[in-house]
Each structure stands twice: as C-alpha cells, then as structure tokens.
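Enquirer: whatever this is, show me its structure:
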Amino acid sequence: MIQPGNSTPSFEFATASRILFGAGTVCQVASAARQMGSRALLVTGSNPERLDPVRADLESSGVACAPFAVKGEPTVETVRQGVKLAAEQGCEFVIGFGGGSAIDAAKAIAALLTQEGDLLDYIEVVGKGLPIKQPSARCIAIPTTAGTGAEVTRNAVLALPEYRLKASLRSPYLLPTLAVVDPELTLSLPPALTACTGMDALTQLMEAFVGRRANPITDGLCLEGMKRAATALPLAFHNGADSEARTGMALASVLGGLALANAGLGAVHGLAAPLGGMFPAPHGAVCAALLPCVIEANLSALRRGQAESPTLRRYETVARILTGRTDATADEAATRTKQLCAELGIPPLRTWGVRAEDLESVALKGTQASSMKGNPVELSTRELIDLLAKAL
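Expert: Model (predicted):
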C-alpha cells in the first residue's frame, strides 16, 4: 500500500529459510537432511528413479527414506495419503523432489503432519480456509524443472477433481526449510516441458512486476529474472544440453517464485486456475497461451481508464527486456510473447478441450481467484471472456 506522501510502498518479504543454488548442489542434500532427522518421507514425481542417487546418499548418511510417488497433479486425497504414510513410517521431515506438483505435495504434507483436523479445514475455496497455526514439519524442496518456483513459495496448489477446480493451501509455514536448486537436474527436460515450465516462470516474473503489490525488492528480482528468461528460454528449448541456458532458467524460476510469493500474480494465473481444474491442461501451457492476450487486455483497460498509470511504463520496460531494444513500446510486450509462444510450439487453449461455450464459466471463476486481485487493472467478465476467446 502506498503511504500518504511516500512513493515507496510498505511491504514484507518472506522466503525459504535457506536456498542452495548452483550446479552440483544436490550433493549437499544428504548432509543437510541429516541435521533434520533420521527418517524422511521422500515425495517424488512420476519418475522416482531419477532420485536414486540422492536416495543412496541419504541412506548412506543414516537417513532412512519412505518413498511416496505423486502421479500428476496432487489432489486433496494425495496429501491425505502422504500424511498417513509419513505418520505410519515415523517420518520426521519431508523431501520433495520433482516439478511443482511433487514440491507442492511435499509442502502440503509437511504442513498437515503438525496440524489437527483434516486438510479441508485449511484449504481455500471449498474448505474452511482456517489459518495454519503450527509450524510445518521441516521440508527440503529440490526442483527438477525451471518454472513454478514452488521451492520458495508459501502455498501449495491442489486439484479437487470432484469440483473441477484447483485450490490452494496457503501459509507462511509452507515455506520450505531448505530449497536446493541444481540446474543440472533440468538438463534432461524435453523441449515441450522446457517450453511450458519456462513460460510459467516468465509469466510469474512479468505479473509480479506489473501487479498491484509490486515492491522495490520484487522489482529487482523480476527485472533480473526477465532478463535471464528472455535470453535463456529459447536457448534451453533448442538445446537442452546448454548448461548456461539451463542455469539461467533455473535462476529465473527461483526469482519468479520469490517475487510471486511476495508480490502476487495477475489475470493470467487468475484464469489459469479454473482452466487447470476444468480441463487436463498443463499449467505452464495455459499460462503461455493466455499471456499475450492478458497483456493486450490490460493495456487496453489501462489506456481507457488510467491513461497516466505508471504500469504502462512498466509494460514498456517488459517489452524492452524481451526484445532487447531500448525503443520498444508497451504493445511489443504482447507481440514478443506471441512470437515466443510460436517459437516454443505453445498450443492454443482449444488443444485441451476448451470451447467457446466454456469461456463464461471460466471467466466467472477467474474473477474469484486470489491471483486476480493482483492484476494491475480490474477486468470485467466481458473483457475476460474476450481475451479467453483470443487464446482459443
């Protein structure tokens, strides 16, 4: 919030207790884990074999592991099963290894291990939304993709298939105890996954930068992250073995996570939430398809109602970073993101079964999403429907 007579906003900033970043840092997991206990719940994605070297290091250092694989996006029932297994196995802490789904599941399980009651007591939208009162069990987050930044955020996104939606468990206690970001873990990502996760990272950086809750710390993170992603994402997509590009994207992802955890997001993520709940669409692909359309809608709304808004200059900054040209205009932020989506092979929303008759429902649900509150300008339901139609 801007204070009277002061152009600098009041803000707070929170993140994981400790972050290890760099090639080879995954080798430090075992020594760090040994300080947290002797038994861990090991939450992985659908390919748990990738963790075998880390698991061997853990067990050789005296940390026993109870494996728990998360296939696809975590659901409320997934978390319940993980909590039950951790309790039965006497796990003292949780390690999440994988993409955003595995890490969100790990954070949610760690939180629920120390709370009373059921998960639905604490989850938003369909649950009671009660505050989490007790510190979570300790949690180590090890991302293997470069996109969500979940290793440094204070929420966990969970799917509720019976409601066709996604909802968040949200609390400062969800921040991991340790985030280990080793770019070498992303070298094997296939191009399509590199594209989707990378565009999620870029979207998060952009939305946090132009959003209502931006602050001087998150601005610095976003500017650096966008510069990294603008250069590194196409390189990593075309050559997955490019270690410098992979490092650039890993850093952009962390910076995006730090920024969104403290400045929020916007209409892209506000609409991506209901779309992800209603259709079998990868989150990053949805964000990428929406991004240029949301930029255009925001610019139009700002010029119509807030012609002097400093956000217009922020979009100019985004355009100049993305194009590498100092004379780029705000509109070129949308143009360049469209070009990037085409280069990366991002499919339109209709690929995932979204139809014109679904758009009103998506838009109405989007207006209720927490991310929508951070958008730099309020968009009407009609404006949301129209931009969704462009993304079809």
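Enquirer: relative to residue 342, how far out is residue 257?
Expert: 26 Å (C-beta to C-beta, to the nearest Å). For glycine as for every other residue, the C-beta is placed from the backbone atoms N, C-alpha and C.
Enquirer: out of these two, which sits in the more crowded spot?
Expert: Neighbour comparison, residue 257 and residue 342: the larger count goes to residue 257, with 32 against 9 (by other C-beta atoms under 10 Å).
Enquirer: what helix or strand does the more buried one sit in?
Expert: Element membership of residue 257, judged by DSSP states H and E, is helix 243-263.
Enquirer: could you export that helix as CSV, CA atoms only?
Expert: Output in CSV follows, covering the C-alpha atoms of helix 243-263 (Å, rounded to 0.1, in the frame of the first residue of the first chain):
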residue,chain,number,x,y,z
SER,A,243,24.2,-25.7,-19.2
GLU,A,244,24.4,-21.9,-19.2
ALA,A,245,20.9,-21.6,-20.5
ARG,A,246,19.6,-24.1,-18.0
THR,A,247,21.3,-22.2,-15.2
GLY,A,248,19.7,-19.0,-16.5
MET,A,249,16.3,-20.6,-16.4
ALA,A,250,16.8,-22.2,-13.0
LEU,A,251,17.6,-18.8,-11.6
ALA,A,252,14.7,-17.1,-13.4
SER,A,253,12.4,-19.7,-11.9
VAL,A,254,13.7,-19.1,-8.3
LEU,A,255,13.4,-15.3,-8.8
GLY,A,256,9.9,-15.7,-10.1
GLY,A,257,9.0,-17.8,-7.1
LEU,A,258,10.5,-15.2,-4.7
ALA,A,259,8.6,-12.4,-6.5
LEU,A,260,5.2,-14.0,-6.7
ALA,A,261,5.3,-15.2,-3.0
ASN,A,262,5.7,-11.5,-2.0
ALA,A,263,4.0,-9.5,-4.8
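Enquirer: could you pull up the mean pLDDT of that helix?
Expert: The pLDDT scores in helix 243-263 average 97.
Enquirer: what packs against that helix?
Expert: strand 18-21, strand 178-181, helix 191-210, helix 216-238 (3 or more C-beta pairs under 8 Å, 6 or more residues apart in numbering; DSSP states H and E).
Enquirer: quick check: angle from the following helix or strand past that helix to helix 243-263?
Expert: Per DSSP H and E, helix 243-263 leads on to helix 267-278 as the next helix or strand towards the C-terminus. Helix 267-278 and helix 243-263 meet at an angle of 100 degrees, taking axes from the mean of the first three to the mean of the last three C-alpha atoms, to 10 degrees as the criterion.
Enquirer: quick one: least confident helix or strand in this protein?
Expert: For the chain, scoring each helix and strand by mean pLDDT, DSSP states H and E identifies strand 165-170 as the least confident one, at a mean of 90.
Enquirer: and it, what does it pack against?
Expert: In terms of contacts (3+ C-beta pairs under 8 Å, 6+ apart), strand 165-170 is packed against helix 100-112, strand 155-160, helix 267-278.
Enquirer: after the longest one, next one along is what?
Expert: This means helix 100-112. Going down the chain from helix 100-112, the next helix or strand is strand 138-143, by DSSP H and E.
Enquirer: give me the mean pLDDT for that following strand.
Expert: Rounded to a whole number, the mean pLDDT of strand 138-143 is 98.
Enquirer: what of stretch 349-367?
Expert: Stretch 349-367 comes out at a mean pLDDT of 97.
Enquirer: in it, what counts as buried?
Expert: 349, 352, 354, 358, 359, 362, 363, 365, 366, 367 (16 or more other C-beta atoms under 10 Å).
Enquirer: ends of it, what's the gap?
Expert: Distance between the two ends of stretch 349-367: 19 Å, counting by C-alpha to C-alpha, to the nearest Å.
Enquirer: pick the most deeply packed of the helices and strands packed on strand 165-170.
Expert: Mean neighbour count (mean count of other C-beta atoms under 10 Å) peaks for helix 100-112 among those, with a mean of 30.
Enquirer: so it versus helix 191-210, what angle?
Expert: Using the same axes, to 10 degrees: helix 100-112 against helix 191-210 is 60 degrees.
Enquirer: packing partners for helix 100-112?
Expert: When contacts are defined as 3+ C-beta pairs under 8 Å, 6+ apart, helix 100-112 sits against strand 39-44, helix 76-88, strand 93-98, strand 138-143, strand 155-160, strand 165-170.
Enquirer: could you export it as PDB, CA atoms only?
Expert: In PDB, the C-alpha atoms belonging to helix 100-112 read as follows (Å, rounded to 0.1, in the frame of the first residue of the first chain):
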ATOM      1  CA  GLY A 100       5.900 -28.100  -9.000                       C
ATOM      2  CA  SER A 101       3.400 -30.900  -8.300                       C
ATOM      3  CA  ALA A 102       5.800 -33.000  -6.300                       C
ATOM      4  CA  ILE A 103       7.000 -30.000  -4.300                       C
ATOM      5  CA  ASP A 104       3.500 -28.700  -3.600                       C
ATOM      6  CA  ALA A 105       2.500 -32.100  -2.400                       C
ATOM      7  CA  ALA A 106       5.600 -32.200  -0.100                       C
ATOM      8  CA  LYS A 107       4.900 -28.800   1.300                       C
ATOM      9  CA  ALA A 108       1.300 -29.700   2.000                       C
ATOM     10  CA  ILE A 109       2.200 -33.000   3.600                       C
ATOM     11  CA  ALA A 110       4.800 -31.300   5.800                       C
ATOM     12  CA  ALA A 111       2.200 -28.800   6.900                       C
ATOM     13  CA  LEU A 112      -0.500 -31.300   7.700                       C
END
